[in-house]
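Student: here is a sequence together with a model predicted from it:
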Amino acid sequence: MKIIIYGANELACLIAARLFEDHDIIIIDDDSNNNKEQFDKLDLEYVQGSGSNINLLESVGIKNADIFIACTDNDEANIVACLTVINMTKLKTVCFVSKKENVDSLTLVRGSKYQKELMIDYIMWPEELMTQEIFRIITVPQALDVEDFANGKARLLEYRIIESTKFINKKIKDCSFPEETLIVGITRDDTLFIPTGDTELQLNDKVIFMGSSYSLDILAGKFFQETTDVKQVTIIGGGSVGLMLAKNLEKANYKIKIIENDYKRCEELSEELKNTLIINGDGANFALLEEERLDESDVVVCVTNNDERNLLCSLLAKQMGVAKVITRVSKNANAGLFEKVGIDVAISENGAAIDDIENHLIKTDIEILATVERGQGEVLEICVPFNFKNDMIMNLSLPCKAIIAIIQRRNRIIIPRGTTQIMPFDNLIIFTTKENSNAVKNYFKR
């Protein structure tokens, strides 16, 4: 695919880095010195100019492109660029915005007196995507990542091995996991790999399980001590993310506190939230956290707009004994660093947006349902061709390490074994690493 990206900020660089190996990328930016050195290592074209300049867009072949992504730091520039492209061609347009009012303005509300719709295909608000991801993780205690497949009948859960984990230092083949449960990936020392039955599970491993939702519920209760649900959540930071998350948690009947330093913002939050306790104070003030009994919270979520403050608040929460701390990072590179110093889950809004683009916009005949561990792993959905010969999984000569985790056959969900037969028109949900993804796709195209 040919993808044109307007903007040369960190987000654009992350999108380009994720996609340039498989797609033709052109970067357009108003400032020739704006982070250009970040793109020098990537095989792509860099053009100086405005994304709303018709002559420039024609010169880079906009009419032959497949996707136009506007992701500068200026909402208005992104909107104008997308509308310009829409008037020139019918390719997909993706517009990044950072303000809720712009999201509302760009979304046609049913029954509105303004009936003419702005035909931007995808409005990306990274903060909203990150909020949804945080909410999913909160609703599954102890999990570091949660993905649902097959209309909720199957799932991916990621857990960290701690000292109290029952199967620490055991080989996978010696662990009595629930029947419809598979370990498909392990991240050790920041590197994701696909294990074998002889792989030993070690302290601090991040283990990715896939299987039926029912079996993973049993796994959670049996091995990860999820005997009680999360009841109380404290959110440090009452900005857009804090407000959206609190609204979602209110609907799910959680007990919620928000700690926000700005008094005026606290007044605004109290008007929006009916069942949330709003506390005016500094989330990095240890005395305040003690007074508010932060240690009684099941989950603490730090979502201020400052990475350093989020890290400090998170470390204080961990010091007070909070079981699970989720932290927002604005710089994608900080996510791994935060987890190294003991933060349970570090989430970047840019990372959430890139995953959404790759999983839902970059369509091929084979879909990427999810990416994990900051793009190191992929969950693929592949429809078995009509001329594929029936065979057992154990007899398949896959060219690389990959695990067929789920088979959708008509209305059935099958968690396969080695003796399970693959049949034409089966939908396979396969876990593999990023570098092996193309080899797996090509195998099932043969």
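Tutor: On my side now, so go ahead. Numbers count the residues shown, from 1 in each chain.
Student: now the helices for the stretch 51-200 of the chain?
Tutor: Using DSSP state H, counting those that start in this stretch, the helices of the stretch 51-200 of the chain run over 54-59, 75-88, 100-106, 126-138.
Student: with respect to burial, which of those scores highest?
Tutor: A comparison of the helices of the stretch 51-200 of the chain by mean neighbour count, using mean count of other Cβ atoms under 10 Å, puts helix 126-138 on top with a mean of 21. From N, CA and C alone the C-beta is placed, and that goes for glycine too.
Student: any weak-confidence spans in this protein?
Tutor: Along the chain, segments meeting pLDDT under 70 span 32-36, 107-118, 141, 225-229, 359-360, 362-366, 446.
Student: list the buried residues of stretch 297-317.
Tutor: Going by neighbour count (16 or more other Cβ atoms under 10 Å), the buried part of stretch 297-317 is 297-304, 307, 309-317.
Student: now swap in stretch 61-78 and tell me
Tutor: Of the residues in stretch 61-78, 62, 65, 67-72, 75, 77-78 count as buried by neighbour count, 16+ other Cβ under 10 Å.
Student: got it, and stretch 377-391?
Tutor: Residues of stretch 377-391 classed as buried by neighbour count (16+ other Cβ under 10 Å): 377-384.
Student: quick one: which of these sit in helices?
Tutor: Using DSSP state H to define helices, no part of the buried residues of stretch 377-391 is located there.
Student: for the residue nearest to Y254 when sequence neighbours are not counted, give the beta-bridge partners.
Tutor: Leaving aside its chain neighbours, Y254 sits nearest to V233 (5.3 Å; criterion: Cβ to Cβ, 6 or more residues apart in numbering). Taking DSSP bridges as the rule, V233 bridges to I256, V299.
Student: what distance do you get for the spatially most central residue of the chain to E272?
Tutor: Centroid-nearest residue in the chain, with Cα atoms, centre = their mean: A352, separated by 4.0 Å. For A352, the distance to E272 (Cβ to Cβ, to the nearest Å) stands at 23 Å.
Student: ditto for A335
Tutor: 29 Å.
Student: quick one: which of these two has more around it?
Tutor: A335 (21 against 14; other Cβ atoms under 10 Å).
Student: in which helix or strand would I find the more buried one?
Tutor: helix 334-340 (DSSP states H and E).
Student: strands of the stretch 1-150 of the chain, start to end?
Tutor: 2-6, 24-29, 45-48, 67-70, 92-96, 122-124, 145-149 (DSSP state E, counting those that start in this stretch).
Student: return the second one as CSV; C-alpha atoms alone will do.
Tutor: In CSV, the C-alpha atoms belonging to strand 24-29 read as follows (Å, rounded to 0.1, in the frame of the first residue of the first chain):
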residue,chain,number,x,y,z
ASP,A,24,5.5,2.7,0.5
ILE,A,25,5.6,5.7,2.9
ILE,A,26,5.9,9.4,2.1
ILE,A,27,6.3,11.9,4.9
ILE,A,28,5.1,15.5,4.3
ASP,A,29,6.1,18.2,6.8
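Student: list the helices and strands it packs on?
Tutor: Here strand 24-29 is seen to pack against strand 2-6, helix 10-19, strand 45-48 when contacts are counted using 3 or more Cβ pairs under 8 Å, 6 or more residues apart in numbering; DSSP states H and E.
Student: kindly recompute the last result at 10 Å.
Tutor: Applying 3 or more Cβ pairs under 10 Å, 6 or more residues apart in numbering; DSSP states H and E, one finds that strand 24-29 makes contact with strand 2-6, helix 10-19, helix 36-39, strand 45-48, strand 67-70.
Student: could you do the last one as well?
Tutor: Secondary structure elements in contact with strand 145-149, counted by 3+ Cβ pairs under 10 Å, 6+ apart, are helix 126-138, strand 154-160, strand 206-212, helix 213-223, strand 367-372, strand 377-383, strand 402-409.
Student: now do 7 Å
Tutor: With contacts taken as 3 or more Cβ pairs under 7 Å, 6 or more residues apart in numbering; DSSP states H and E, strand 145-149 sits against helix 126-138, strand 154-160, strand 367-372.
Student: tabulate these (a markdown table), appending distance to L14.
Tutor: Listed next are these as a markdown table, based on distance: least, Cβ to Cβ, whole Å:
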| stretch | distance to L14 |
| --- | --- |
| helix 126-138 | 11 |
| strand 154-160 | 21 |
| strand 367-372 | 12 |
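Student: which one of those lies nearest to E268?
Tutor: Comparison of the helices and strands packed on strand 145-149 against E268 by Cβ to Cβ identifies helix 126-138 as nearest, at 16.5 Å.
Student: who does that closest one touch, helix- and strand-wise?
Tutor: Helix 126-138 sits against strand 145-149, helix 240-251, strand 324-329, strand 345-348, helix 349-360, with contacts defined as 3+ Cβ pairs under 7 Å, 6+ apart.
Student: distance to L57 added to the ones you listed, as JSON lines?
Tutor: Listed next are those as JSON lines, based on distance: least, Cβ to Cβ, whole Å:
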{"stretch": "strand 145-149", "distance to L57": "36"}
{"stretch": "helix 240-251", "distance to L57": "32"}
{"stretch": "strand 324-329", "distance to L57": "34"}
{"stretch": "strand 345-348", "distance to L57": "30"}
{"stretch": "helix 349-360", "distance to L57": "20"}
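Student: closest one to I430 among these?
Tutor: Nearest to I430 among the helices and strands packed on helix 126-138 is strand 145-149 (11.3 Å), distances taken as Cβ to Cβ.
Student: what's in contact with the closest one?
Tutor: 136-137, 140, 155-158, 369-370, 372, 379, 406, 429 (Cβ atoms under 7 Å, 6 or more residues apart in numbering).
Student: list the strands paired with it, with their directions.
Tutor: Applying DSSP bridges, strand 145-149 is found paired with strand 154-160 (antiparallel).
Student: distance between the strand it pairs with and the chain's centre?
Tutor: Here strand 154-160 is found 13 Å from its chain centre; the criterion is Cα atoms, centre = their mean, to the nearest Å.
Student: with just CA atoms, put it into PDB.
Tutor: What follows is strand 154-160, C-alpha atoms only, in PDB (Å, rounded to 0.1, in the frame of the first residue of the first chain):
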ATOM      1  CA  ALA A 154     -11.900 -16.300  23.000                       C
ATOM      2  CA  ARG A 155      -9.300 -14.100  24.700                       C
ATOM      3  CA  LEU A 156      -5.700 -13.100  25.100                       C
ATOM      4  CA  LEU A 157      -4.400 -12.400  28.600                       C
ATOM      5  CA  GLU A 158      -0.900 -11.400  29.600                       C
ATOM      6  CA  TYR A 159       0.400 -11.900  33.100                       C
ATOM      7  CA  ARG A 160       3.800 -11.300  34.900                       C
END
